[in-house]
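Undergrad: Kindly return the folded structure for what I paste below:
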Amino acid sequence: MTATTQDHAHHEAEPTGLKRWLVTTNHKDIGSMYLLFSLAMFLVGGAMALVIRAELFQPGLQVVDPYFFNQMTTMHALVMIFGAVMPAFTGLANWMIPLMVGAPDMALPRMNNWSFWLLPFGFAILLSTLFMPGGGPAGGWTMYPPLMLQTGTAFPFVIFAIHVLGISSIMGSINVIATILNMRAPGMTLMKMPLFVWTWLITAYLMIAVMPVLAGAITMLLTDQYFGTTFFSAAGGGDPVLYQHIFWFFGHPEVYILILPAFGIISTIIPAFTRKPLFGYSSMVYATASIAFLSFIVWAHHMFTVGMPLAGQLFFMYATMLIAVPTGVKVFNWVATMWRGAMTFETPMLFALAFVFLFTIGGFSGLMLAIAPADFQYHDTYFVVAHFHYVLVTGAVFAILAAAYYWLPKWTGHMYSERLGQWHFWLSVIFVNVLFFPQHFLGLAGMPRRIPDYSVQFADWNMISSIGGFGFGFAQLIFVWLLYKCIRGGQKAEARAWEGAEGLEWEVPSPAPHHTFDTPPVVR
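TA: Numbers count the residues shown, from 1 in each chain. Take a look at the predicted model:
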């Protein structure tokens with residue numbers, strides 16, 4: 001059988017319709033599914049956030065009962081972290097890493113398919129807990145004992161769902177590492193890789209290191225509940241603070257897993273719209289690696305109030321402040337890249353600029369939280385909520401939106417509506433600040449987080465914050481509409497969608513992959 005007839009037979013057997021999406025091993029298909037799944041979860045998690053903000057619109061209990069409020073705060077975080085941000089970054093990795101390193105596909109295409117399909121099932125289990133007797137988990141996304149152990153019927157399902165999502169993340173990371181280390185085009189040395197590829201390589205190692213730690217912590221919770229162990233029960237010689245140590249050893253690197261790929265995206269977009277190569281490439285790589293390394297030795301800054309020895313407080317305070325150095329290097333390099341560049345302000349660049357400015361605000365409030373004596377006041381107040389939402393919404397989410405606008409022409413072959421994109425950007429950036437900036441004031445005034453009711457002195461800022469929340473939430477519907485229009489058709493994208501920009505990106509157009517579940521790979 002000649003190669004051409006073999007080829008022909010291979011193409012005949014390719015599944016179409018729904019089966020194509022179920023069994024696909026094509027990195028672009030899988031990337032698209034990750035991205036669309038993440039968008040769906042972003043809207044679900046956003047709806048939960050709006051329940052929270054509706055309840056907090058004014059003092060008194062009016063919209064939902066307190067236990068359901070706590071379920072919403074817990075589920076909102078789990079859905080946004082494991083369902084929206086991480087799958088979005090994984091989708092971007094699937095789509096772009098093979099293109100950026102010149103690989104025909106991801107290294108482990110079938111595992112790629114499996115790691116995606118675990119997600120819808122994991123989330124079906126997680127979200128179904130809201131309908132079980134006693135309702136879903138209400139112990140915060142950190143799932144601290146003894147709060148979490150009061151969940152009831154839903155408890156083992158929550159644990160199982162998180163295990164499934166963790167397995168998906170680990171498999172995705174193995175795939176990224178295998179692809180980057182083994183499938184680069186000739187001449188593509190590590191120090192020539194685009195920064196997005198570098199940030200993902202480092203993120204993937206972080207994920208493989210810390211996901212099993214989370215799995216261990218929640219398995220210990222499970223055995224405490226059902227198998228008579230007392231890891232976290234003082235009555236049996238355990239310690240609830242032990243859970244916090246294990247959880248935050250996962251939890252702190254996790255927040256860097258949620259932001260490092262964003263750094264890679266911003267480092268791709270800013271040079272493109274500035275028509276200049278990135279300033280300080282190697283320092284950006286080393287800064288990313290330093291951030292990842294330091295993220296493992298700062299976990300207890302989440303625990304300054306547990307009664308830590310002074311030496312521990314000092315160590316974690318200084319180690320945390322040290323992370324500001326490589327992060328500052330990154331911000332400096334982005335600004336230096338823009339310095340005297342021929343800048344234009346299309347939607348991706350606007351989101352990237354908003355990222356640099358607003359993420360920096362989140363960084364500064366993080367530095368405030370690192371100061372142990374000050375953290376005694378800030379801890380568990382809305383100041384912390386404001387801080388991490390500046391990092392994760394105006395940071396991670398804005399970067400994902402910037403990436404979506406930047407690569408949409410490449411993905412769909414169509415240009416999106418720039419006018420709708422600008423509307424989406426300006427409404428988002430205004431409302432996100434109306435939503436989260438007042439929360440700094442609430443926190444400094446002493447309003448605790450995860451509480452459905454509050455004293456009247458907090459009423460004004462809460463009302464403003466809730467108005468911002470609904471404004472920001474509904475602004476995202478513009479993006480959904482824009483996406484629908486862009487996928488359906490519209491103006492054809494040029495080969496160089498961003499004039500003068502694509503030349504700065506080292507990319508090899510990837511051929512269609514030669515493997516499905518039905519046919520053996522074709523040897524060319």
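
Undergrad: What count of nearby residues applies to the residue lying closest to Gln476 once chain neighbours are set aside?
TA: Take Gln476 and drop its neighbours on the chain: the residue closest to it by CB to CB, 6 or more residues apart in numbering is Gly46, 6.5 Å away. C-beta: built from backbone N, CA, C; applies to glycine. Gly46 has 19 neighbouring residues, counting by other CB atoms under 10 Å.

Undergrad: how far does the helix or strand Gly46 falls within sit from the chain's center?
TA: Element membership of Gly46 [criterion: DSSP states H and E] is helix 27-55. Distance, stretch centre to chain centre, for helix 27-55: 11 Å (CA atoms, centre = their mean, to the nearest Å).

Undergrad: Of all the residues in that helix, which ones are buried?
TA: Residues of helix 27-55 classed as buried by neighbour count (16 or more other CB atoms under 10 Å): 27-35, 37-42, 44-46, 48-55.

Undergrad: Give the other helices and strands that that helix contacts.
TA: helix 17-23, helix 66-78, helix 86-101, helix 109-128, helix 398-412, helix 459-488 (3 or more CB pairs under 8 Å, 6 or more residues apart in numbering; DSSP states H and E).

Undergrad: one more time with 7 Å
TA: Secondary-structure packing of helix 27-55 (3 or more CB pairs under 7 Å, 6 or more residues apart in numbering; DSSP states H and E): helix 66-78, helix 86-101, helix 109-128, helix 459-488.

Undergrad: what would the ones you listed look like in JSON lines with mean pLDDT, distance to Trp407 and mean neighbour count?
TA: Output for these, formatted as JSON lines (pLDDT from 0 to 100; distance: least, CB to CB, whole Å; neighbours: other CB atoms under 10 Å):
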{"stretch": "helix 66-78", "mean pLDDT": "95", "distance to Trp407": "27", "mean neighbour count": "20"}
{"stretch": "helix 86-101", "mean pLDDT": "96", "distance to Trp407": "7", "mean neighbour count": "26"}
{"stretch": "helix 109-128", "mean pLDDT": "96", "distance to Trp407": "18", "mean neighbour count": "19"}
{"stretch": "helix 459-488", "mean pLDDT": "96", "distance to Trp407": "11", "mean neighbour count": "17"}
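
Undergrad: between those, which gets nearest to Gly238?
TA: helix 66-78 (22.7 Å; CB to CB).

Undergrad: who touches the closest one?
TA: 45, 48-49, 51-52, 55, 126, 130, 135-141, 450, 452 (CB atoms under 7 Å, 6 or more residues apart in numbering).

Undergrad: ok so, going back, dump the helices and strands packed on helix 27-55 to JSON lines, plus distance to Phe364.
TA: Below are the helices and strands packed on helix 27-55 laid out as JSON lines (distance: least, CB to CB, whole Å):
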{"stretch": "helix 66-78", "distance to Phe364": "23"}
{"stretch": "helix 86-101", "distance to Phe364": "24"}
{"stretch": "helix 109-128", "distance to Phe364": "34"}
{"stretch": "helix 459-488", "distance to Phe364": "20"}
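
Undergrad: now for the ones you listed, which one comes closest to Arg20?
TA: Here helix 109-128 is closest among the helices and strands packed on helix 27-55 (CB to CB), at 11.3 Å.

Undergrad: tell me the angle the closest one makes with helix 27-55.
TA: 20 degrees (axes from the mean of the first three to the mean of the last three CA atoms, to 10 degrees).

Undergrad: Tell me what angle the next helix or strand after helix 109-128 forms with helix 66-78.
TA: Using DSSP H and E, the helix or strand that directly follows helix 109-128 along the chain is helix 155-182. Helix 155-182 runs at 10 degrees relative to helix 66-78, counting by the same axes, to 10 degrees.
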